[in-house]
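>>> dropping a prediction and its sequence here:
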Amino acid sequence: MASSKKFQAPRGTRDFYPADMAVRRYIEGVWRTASINHGFDEVEGPTIEHIDLYTHKSGPGIVNELFQVYSGKDEQQIAAIRAGDDAPYALRPEFTPTLARMVVAKAAQLPKPIKWFAIPGHYRAERPQRGRLREFIQWNVDYVGGEDDPARADAEVIACAVGALEKFGLGPGDVKVHVFDRRIAESRAKASGVEGDRFLSLLWLIDNMGKLSDEQIRAEVEKHGITQKDVLSFQEHFRRAKALSASGQPMEQVGAEIGLSKELVANVAQVMNNLGGIGLGPWLTFDPDIVRGLAYYTGTVFEIIAEGERAVAGGGRYDRLIESFGGPSMPACGFGMGDVVLGLLLHDKGLLPEEVYMQPLRPHVFVIAASDDTAAKLPAIVARLRKAGLHVRHSYRSTRNVGKLLGEAGKAFARTAIILGEELAAGRVALKDLDGGEQREVALDELETVLRQLLDAQERAGV
Ligand code: HAM
């Protein structure tokens, strides 16, 4: 007998069965709607990029987690990899370098500000754990150039993220936007003699402290001389500021209380005031523990966090990245929000009932045959309605037990049902509104018109 081998999906990846796919499309749909509402245009880039796009600026966190890719059976590449070189390509671990490359390629032609969003798949060779996988979807929202008031652009991208969270049914009691500014971190680090690469190392350690093994921490300490003590003393310095902001004190006051200069606090205060001005104040908290691990951030940094979970989203301002990719000097800011932590959160809070994520997939009509005779006519009626552009499903059996078949229509979340009964011989069918419950008889040649009217009425009623 031939031996059979069982295959499993790679660790940290997911199979999306229809119900999982419906959830994914629902999440993507809310992201897409929020982006469009806030005036962002959708873009996409390749899944593989030249590996040096990432080794250039993203920093060690991302580079150590690259899935490397080589092309086919290219002997030269294979020999180089065997000799210890990196592969020529990598699977995309984040979208920002692709975005920077795309902006640089058409910097002069693109209308400013450039407001883009993307919802691509990403790959990171991380240790899979709750909230972190090796393949995930990440919504990116970025605002590049054309802005002489950076705090306004920062507030605009944060408002877009919050807009989506609100649509999902989350509130400021569930998640908070933790805001900080790299320049405040830099000034504090400088005061204790930490600059340049050592500063980046400090940021990376702060960002990863809870996640790193002792061995990884030791290796980093050896490389740059930054110790756990440096991390703790940095955090200790800001502890009071964090508590004051959490208790609702305005940023200007928080800064003054811990001796930060007005200039240093001005940006983060302005971002928070701008958001406060549009009613988003309760979502915000000043949090100096949020420094972000990625190397390219230059100003405002933020993460969206639900207590006890990994971050739902992270982002910030990266004013020098476009230039470092060979483009003009262009300020930029944005964030990435993954589907994994968000999905866990929505699930745990009961915000993912089937009726919600199935809503965009609801069939317009479910056609039922109540006898074998009418079953023979079902395919033609279904085909006619599909040709008219409707989402049509139907029962695959005929029975006089119409209630049972209506049950199938209900399980499919159909909006209406057409029942093919005895009156079909006289050119008439029963049309049932599955939301309102009413049923009426309709002549076959008026079916599309009456059905459209009913669907329009349902839409107006918001069902
Ligand atoms: P990031 O903090 O590396 O930032 O990722 C942003 C979000 O992507 C995280 O908060 C999380 O929701 C999700 N994410 C990251 N890694 C994983 C993973 N292994 N599994 C599941 N979800 C994950 C960036 O990627 C920046 N490029 C974001 C950005 C855009 N900054 C400016 N523009």
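Everything's here; your move.
>>> secondary structure class for Ala90?
strand (DSSP: H, G, I helix; E, B strand; the rest coil).
>>> partners of it in the sheet?
Note on Ala90: beta-bridge partners by DSSP bridges are Glu49, Gln68.
>>> any idea how far it is from Leu66?
Ala90 sits 4 Å away from Leu66, going by Cβ to Cβ, to the nearest Å. The way it works is simple: take the backbone N, C-alpha and C, and place the C-beta from them, glycine included.
>>> equivalent analysis for Gly308, please.
According to Cβ to Cβ, Gly308 and Leu66 sit 29 Å apart.
>>> same question, Ile184
As for Ile184, its distance to Leu66 is 31 Å (criterion: Cβ to Cβ).
>>> Leu294 too?
For Leu294, the distance to Leu66 - Cβ to Cβ - is 14 Å.
>>> comparing those two, which shows the higher neighbour count?
The residue with more neighbours, out of Leu294 and Leu66, is Leu294; 25 against 21, by other Cβ atoms under 10 Å.
>>> surely that one touches Pro93?
No. Leu294 is beyond contact range of Pro93, at 10.4 Å (criterion: Cβ atoms under 8 Å).
>>> what residue ranges in the stretch 1-150 of the chain score low on pLDDT?
1-2, 57-61, 147 (pLDDT under 70).
>>> get me the contact residues on it for the ligand.
Proximity of the stretch 1-150 of the chain to the ligand, by Cβ under 6 Å from any ligand atom, involves residues 94, 96, 124, 126, 132-133, 136, 138, 140, 142.
>>> okay if I get those as a markdown table plus secondary structure?
Converted to a markdown table, those look like this (three-state DSSP):
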| residue | secondary structure |
| --- | --- |
| Glu94 | coil |
| Thr96 | helix |
| Arg124 | coil |
| Glu126 | coil |
| Arg132 | strand |
| Leu133 | coil |
| Phe136 | strand |
| Gln138 | strand |
| Asn140 | strand |
| Asp142 | strand |
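>>> out of the residues you listed, which end up buried?
Buried members of these, counted by 16 or more other Cβ atoms under 10 Å: 94, 96, 124, 126, 132-133, 136, 138, 140, 142.
>>> verify the stated contact: Ile206 with Ser233.
No. Counting by Cβ under 8 Å, Ile206 does not reach Ser233; the two are 11.2 Å apart.
>>> please, which helix or strand holds the nearest residue to Glu257 once chain neighbours are set aside?
Of all residues not flanking Glu257 in the chain, Leu244 sits nearest, at 6.0 Å (Cβ to Cβ, 6 or more residues apart in numbering). Using DSSP states H and E, the element containing Leu244 is helix 228-246.
>>> for that helix, which residues meet the burial criterion?
If you call a residue buried by 16+ other Cβ under 10 Å, then helix 228-246 has these buried ones: 230-231, 234, 237-238, 241-242, 244-245.
>>> what's it in contact with?
Outside of helix 228-246, the residues within contact range by Cβ atoms under 8 Å, 6 or more residues apart in numbering are 185, 188-189, 192, 194, 202, 205-206, 209, 217, 221, 251, 253-255, 257-258, 260, 285-289.
>>> how about the CA coordinates for whatever helix or strand comes next after it, as PDB?
Using DSSP H and E, the helix or strand that directly follows helix 228-246 along the chain is helix 251-257. What follows is helix 251-257, C-alpha atoms only, in PDB (Å, rounded to 0.1, in the frame of the first residue of the first chain):
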ATOM      1  CA  MET A 251       0.400  67.400  28.500                       C
ATOM      2  CA  GLU A 252       1.800  70.800  29.000                       C
ATOM      3  CA  GLN A 253       1.400  70.400  32.800                       C
ATOM      4  CA  VAL A 254       2.800  66.800  32.800                       C
ATOM      5  CA  GLY A 255       5.900  68.100  30.900                       C
ATOM      6  CA  ALA A 256       6.400  71.000  33.400                       C
ATOM      7  CA  GLU A 257       6.100  68.600  36.400                       C
END
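>>> and helix 251-257, what does it pack onto?
Judged by 3 or more Cβ pairs under 8 Å, 6 or more residues apart in numbering; DSSP states H and E, helix 251-257 is in contact with helix 228-246, helix 262-277.
>>> which element follows the last one toward the C-terminus?
When you say that, I think you mean helix 262-277. Once helix 262-277 ends, the next helix or strand along the chain (criterion: DSSP H and E) is strand 284-286.
>>> mind giving me the packing neighbours of whatever helix or strand comes next after that following strand?
Once the chain leaves strand 284-286, the next helix or strand it forms, by DSSP H and E, is strand 300-305. Judged by 3+ Cβ pairs under 8 Å, 6+ apart, strand 300-305 is in contact with helix 150-167, strand 176-181, helix 262-277, strand 313-317, strand 332-338.
>>> any part of the last one near the ligand?
Yes. Under the criterion of Cβ under 6 Å from any ligand atom, strand 332-338 makes contact with the ligand via 334-338.
>>> list only buried entries from those.
Neighbour counting over the residues of strand 332-338 next to the ligand (16+ other Cβ under 10 Å) leaves 334-338 as the buried ones.
>>> closest one of those to Lys112?
Compare each of these with Lys112 using Cβ to Cβ and the shortest gap goes to Gly334, at 15.0 Å.
>>> my read is that the closest one contacts Thr96, right?
Yes. Between Gly334 and Thr96 there is a contact under Cβ under 8 Å: 7.1 Å.
>>> contacts only, for the closest residue to the ligand within the stretch 101-250 of the chain.
Nearest residue of the stretch 101-250 of the chain to the ligand (Cβ to the nearest ligand atom) works out as Phe136 at 3.7 Å. Listed by Cβ under 8 Å, 6+ apart, the contact set of Phe136 reads 121-122, 124, 338-340.
>>> got it, and Arg130?
309-310, 344.
>>> and Ile137, helix, strand or coil?
Secondary structure, three-state DSSP: Ile137 is strand.
>>> pretty sure it sits against Met21.
No. With contact defined as Cβ under 8 Å, Ile137 does not reach Met21; the gap is 11.7 Å.
>>> which of those two has more neighbours?
The neighbour count for Ile137 versus Met21, taken as other Cβ under 10 Å, is higher for Ile137 (20 against 13).
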